[in-house]
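*Asks:* take this sequence and fold it.
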Amino acid sequence: MVKNCINNKRRKLSDPKKCHESTTSALSVVNKIDRISILPDCLLCHILSFLPNTTSVIVATTSVLSRRWRYVWKDLPTFHFNQPSLTSVKTFLSLCSTRGFRKFHLHCRIEEKEISTVKSWVETAIGSNLEELKLNLSVKGMQTLVMPLTIFSCTALVTLSLNPLGDAVTVLNRSSYHLPSLKNLSLFLESPNNLEALLSGCPVLETLNLYIHHICPNLNPNTSPSPNPNPNPDNQTIRVVSSSLKRLNIDTYYHGVIIKKLEIDAASLENLCLAISGGELDVLSARNLLKVETADLQLSLARGGYSLMELLNEIRNACDLSLNLSPMDSITLHTYELMEFNHLLRLHLTARYFDTKVMMDMLGKCNVLQELTIMRHEEGEPQEWTEPVEVPNCLVSHLERVTFFMYLGTEEDKEFVRYILQKGLILKSVIVWADPMGFDVDSTDKEELSLIPTASKMCQLEMISFN
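*Replies:* Have a look, this model is predicted:
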C-alpha cells in the first residue's frame, strides 16, 4: 500500500500540467498571507527608522509595502533630514506624533528668523530616550543657535555632533556636565574654557573630534596683530584629558588660530590625528600615549616652537604613522635622538624638501617597517649623499614596498634609490613618480635606474611620469 502511494505521487510530479496547478495553488495561498501586516508597530518603526525622513519617500514607500504602514511613520523614533531648506522638515514634524526621539539628525541651511524654530525642535527632541543628536546648520546671517542647557545632562545620549564644519551652533560655558553614556563627540570649539569640564563629565567618551575656531584670531596674516590681543594666555591653552578616549581628531579649521599650548593626556588613545593648518602652536605636550596605533600628524604649516620630537617618542608604539614635516622639524631631527619604533609597519613621510639624512635616520629607528612612502613639495638646496654607517635593520629584514613621489633626478635622489635597491633584501616593489610640474622621467633615467643591481630577486622597479 505504501508502495502504491509513492507511485501515485511520482505520477503526479511527472505530469507537467498537474505540477503547475499544484505550484500555482500553493503560491496563491502564500500571497494571501500579509506577513508585514502582522508585525508589531515597534518592529515596523524600527525598519522605517533606516530611511531618510523625507515625507514623500516615507509615505510612498509605506503605501506600496502595505496599507498597514500608511500611518506607522508618524510614530518613528528617529528624525533624519538632510535638506536644503526647512520646508519638508516642517511638513514632517507637523504630522509626526512622536515626542520621544531616539535619534535627531538635522543638516540644512536656515534663515536667522528660523533659529528659534529649530531650537524649539531640539528642545522637544531632548529627553530620556535621546541617544543621538547631530546638528550641521548653515545660518544666513550672524546669529547662532544657542544649545539648550538640558542637552548637557542627557543621560542616554551616546553621540553628540554640534556643527563640526561650521560655527552656527554656540555651546555655552558651564561649570559641570553630566553625560554618562556619551561615546562620540564632535564639536566646533570657539573657546577652550569649557572643554576640561565637558570631558570630565563624559566618563566613557571614546571618540572626540575638535574643530577649532579662532581662539585668538589674526584675520589678516599680512598685517601686524593688535597689541596684546588676548591678555589671558590660559584662554589659548587646550587640554584634552581623558582616560577612556580612543580616537582624537583636532583640526584648526581656519587660518590664524593661535594655540598657546596643546596638552594631550589619554592613556587609552589608539588613533590620533592633528592638523594645524596655518595656525600657531607654541607648545605641544603629550603624555600616556603608548597605546596609539595610528597617528596622522599634519603640522607642516604650524608656526611656533611645538615639541614634535617629544610627541614622536610618546607614540613610539604606533603601527601606522603619517607625518608632515616642516623645514624646522627636519633640522631638529638631525640633532634630536628619537627612540626606536619597534612596531611601526607603515610610514608616510611628507616634507617641503627631501632630506636623505633625515630619511635614513628615521629608517634606522623603524626596525620592522614594511611600507615606506615619501612625498615632497618642492626642490630644496642641493645636498651631498652620505651613506649610513650601518644599514637600517628594516631594509634587510622587513621593508617590502617603497613609493617615492616627486622624483627630480638629482644625484641625491638617484643615490637614495640606488641604496634602497641594493640594500633591500626582501623588497617587492619600488615605485618612483616624477615631478608633475618639471622633471620628466625619460628613457635615459629609466635605463640608468633599471641597470642598478637589486639585492632582492622579487623586486619590481617602476618609473612613472605624469606627462
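
*Asks:* in the stretch 51-200 of the chain, mark out all the helices, start to finish.
*Replies:* Taking DSSP state H, counting those that start in this stretch as the test, the helices found in the stretch 51-200 of the chain are 55-65, 87-95, 115-125, 195-200.

*Asks:* could you check how far the closest residue in space to Leu299 that isn't next to it in sequence is from Asn288?
*Replies:* Beyond its immediate neighbours in the sequence, the residue positioned closest to Leu299 (C-beta to C-beta, 6 or more residues apart in numbering) is Ile276, lying 5.3 Å away. All C-beta spots, glycine's among them, are computed from the backbone N, C-alpha and C. According to C-beta to C-beta, to the nearest Å, Ile276 stands 21 Å off from Asn288.

*Asks:* surely Lys423 is in contact with Ser456?
*Replies:* No. Using C-beta atoms under 8 Å, Lys423 is not in contact with Ser456, being 9.6 Å away.

*Asks:* hang on, isn't Leu338 packed against Asp361?
*Replies:* Yes. At 7.4 Å, Leu338 counts as touching Asp361 under the criterion of C-beta under 8 Å.

*Asks:* find residues that contact each of these two.
*Replies:* Common contact partners of Leu338 and Asp361 (C-beta atoms under 8 Å, 6 or more residues apart in numbering): none.

*Asks:* ok so, going back, between the helices of the stretch 51-200 of the chain, which gets the lowest average pLDDT?
*Replies:* If those are sorted by mean pLDDT, helix 55-65 sits at the bottom with a mean of 54.

*Asks:* for stretch 358-375, buried residues please.
*Replies:* Buried residues in stretch 358-375, defined by neighbour count with 16 or more other C-beta atoms under 10 Å: 358-374.

*Asks:* strands of the stretch 51-200 of the chain, start to end?
*Replies:* Secondary structure of the stretch 51-200 of the chain (DSSP state E, counting those that start in this stretch): strands at 78-82, 103-111, 132-140, 145-146, 159-162, 169-170, 184-189.

*Asks:* could you dump those strands to JSON lines with mean pLDDT and distance to Glu400?
*Replies:* Listed next are the strands of the stretch 51-200 of the chain as JSON lines, based on pLDDT from 0 to 100; distance: least, C-beta to C-beta, whole Å:
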{"stretch": "strand 78-82", "mean pLDDT": "75", "distance to Glu400": "43"}
{"stretch": "strand 103-111", "mean pLDDT": "86", "distance to Glu400": "43"}
{"stretch": "strand 132-140", "mean pLDDT": "89", "distance to Glu400": "41"}
{"stretch": "strand 145-146", "mean pLDDT": "87", "distance to Glu400": "51"}
{"stretch": "strand 159-162", "mean pLDDT": "94", "distance to Glu400": "39"}
{"stretch": "strand 169-170", "mean pLDDT": "80", "distance to Glu400": "47"}
{"stretch": "strand 184-189", "mean pLDDT": "90", "distance to Glu400": "36"}
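
*Asks:* okay, those strands in a markdown table with distance to Leu195 and mean neighbour count next?
*Replies:* Formatted as a markdown table, the strands of the stretch 51-200 of the chain follow (distance: least, C-beta to C-beta, whole Å; neighbours: other C-beta atoms under 10 Å):
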| stretch | distance to Leu195 | mean neighbour count |
| --- | --- | --- |
| strand 78-82 | 28 | 18 |
| strand 103-111 | 24 | 18 |
| strand 132-140 | 19 | 19 |
| strand 145-146 | 18 | 16 |
| strand 159-162 | 13 | 21 |
| strand 169-170 | 15 | 18 |
| strand 184-189 | 7 | 21 |
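
*Asks:* ok, now how distant is the residue nearest to Leu245 when sequence neighbours are not counted from Tyr306?
*Replies:* Spatial nearest neighbour of Leu245, chain neighbours left out: Ala266 (4.4 Å); criterion: C-beta to C-beta, 6+ apart. Shown here: Ala266 relative to Tyr306, a distance of 18 Å by C-beta to C-beta.

*Asks:* next: Val368.
*Replies:* Distance of Val368 to Tyr306, computed by C-beta to C-beta: 28 Å.

*Asks:* repeat that for Ala275.
*Replies:* In this structure, Ala275 and Tyr306 are separated by 13 Å, where distance is defined by C-beta to C-beta.
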